[in-house]
Every structure is written in structure tokens, then in C-alpha cells.
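J.: here is a sequence together with a model predicted from it:
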Amino acid sequence: MLTLLVVDAANVVGSVPDGWWRDRRGAAERLRDRLVPYASGGVAGHPGPLDVVLVVEGQARGVEPVPGVRVDAAPGSGDDRIVELAGEAAAAGRTCLVVTADRELRRRVAAHGAESLGPRSVRP
């Protein structure tokens, strides 16, 4: 069973002040495209292949998946959806990595046994 890599799109996009606020959906699409190599190559300490899921919310909803990266449009809070995914992974006995700098989200997913990685783990 592949390790699940869940990426908090809003948090990772927001970690670099590159004008993302002018086009949130476009910023999420650029992040999605940058995640593709991690599906096969893995992230530091976690070799690929990985099951990569980008969780989007708000104006970024509607971003389409691409080969190697699934997109999960949170119906409400992106953080709540990420916690749900971590819980589902734990229930299935699956390793889950969550990419976010959000301390509260890190605490919440840790309760499900998920490991957190910072945004730099998927941003050059």
C-alpha cells in the first residue's frame, strides 16, 4: 500500500509571497504540477512511489487532477478534509504524510499518527 502524501494547498501556496493571492486557482495548479515528480520520486526520507493528494479549498476549487496527483476539493475547511484523510489512512493502516506549516493542523493529524513535513519539502 502506497504512502499517502497529503498537501495543504492553501498553506504551501501561501508560504511564498509570489503574488498567489491574485490568482489562487492558478497558484494551486502550478503547485499541483510541481508535485508530479514526488509521486514517483518520493520526498526526503520517504522513497516513492507515493499517492499524492492536493487538498484545495475556496477559490482553488475546480483544479483538475493530473497523472500522479489527485486533487481533493474540500467541501468546507481544507484543514478538516486533511484531518479526515489522515484518519482514513490510519484506519487502513496506511502511512500518511501531511505537508503544511500550520501548527494546529500538524497537531490534529498527529493524533491520527500522520507525520508532518514543511512546505519546503515540496517547494524548491
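T.: Received it, and whenever you're ready, just let me know what you need. Predicted, not measured: the structure shown is a model, and the values here were computed from it. Numbering: from 1, shown residues only.

J.: can you map out the helices along the chain?
T.: In order along the chain, the chain carries the following helices (DSSP state H): 9-13, 24-41, 78-91, 103-110.

J.: give me the residues contacting the shortest one.
T.: It refers to helix 9-13. Residues from elsewhere that reach helix 9-13 (CB atoms under 8 Å, 6 or more residues apart in numbering): 20, 24, 27-28, 31-32, 54-58, 60, 63, 78, 99-102, 105, 119, 122-123. Glycine gets a C-beta too; all of them are placed from N, C-alpha and C.

J.: which among the residues you listed end up buried?
T.: 20, 24, 27-28, 31-32, 54-57, 60, 63, 78, 99-102, 105, 119, 122 (16 or more other CB atoms under 10 Å).

J.: state the distance from the closest residue in space to G58 that isn't next to it in sequence to V13.
T.: If you skip the residues right next to it in sequence, G58 has R24 as its closest partner in space, 6.8 Å away by CB to CB, 6 or more residues apart in numbering. From R24 over to V13 the distance is 7 Å, taken as CB to CB, to the nearest Å.

J.: ok, G78 next?
T.: Following CB to CB, the distance that separates G78 from V13 is 11 Å.

J.: residue contacts, the residue lying closest to R61 once chain neighbours are set aside?
T.: Once its chain neighbours are removed from consideration, R61 has its nearest residue in A73; the separation is 4.4 Å (CB to CB, 6+ apart). If a contact means CB under 8 Å, 6+ apart, then A73 has 56-57, 60-63 as its contacts.

J.: among the residues you listed, which ones are in strands?
T.: With strands defined by DSSP state E, the entries of the contacts of A73 inside them are V56.

J.: tell me which of the contacts of A73 is nearest to V43?
T.: For those, the minimum distance to V43 (CB to CB) is 19.5 Å, reached by V56.

J.: ok, now how distant is the nearest residue to that closest one once chain neighbours are set aside from D102?
T.: Spatially, and ignoring its direct neighbours in sequence, V56 is nearest to A9 (4.6 Å; CB to CB, 6+ apart). Distance of A9 to D102, computed by CB to CB: 12 Å.

J.: and A44, by the same measure?
T.: Here the criterion is CB to CB. By it, A44 lies 20 Å from D102.

J.: alright, that wraps it up for me.
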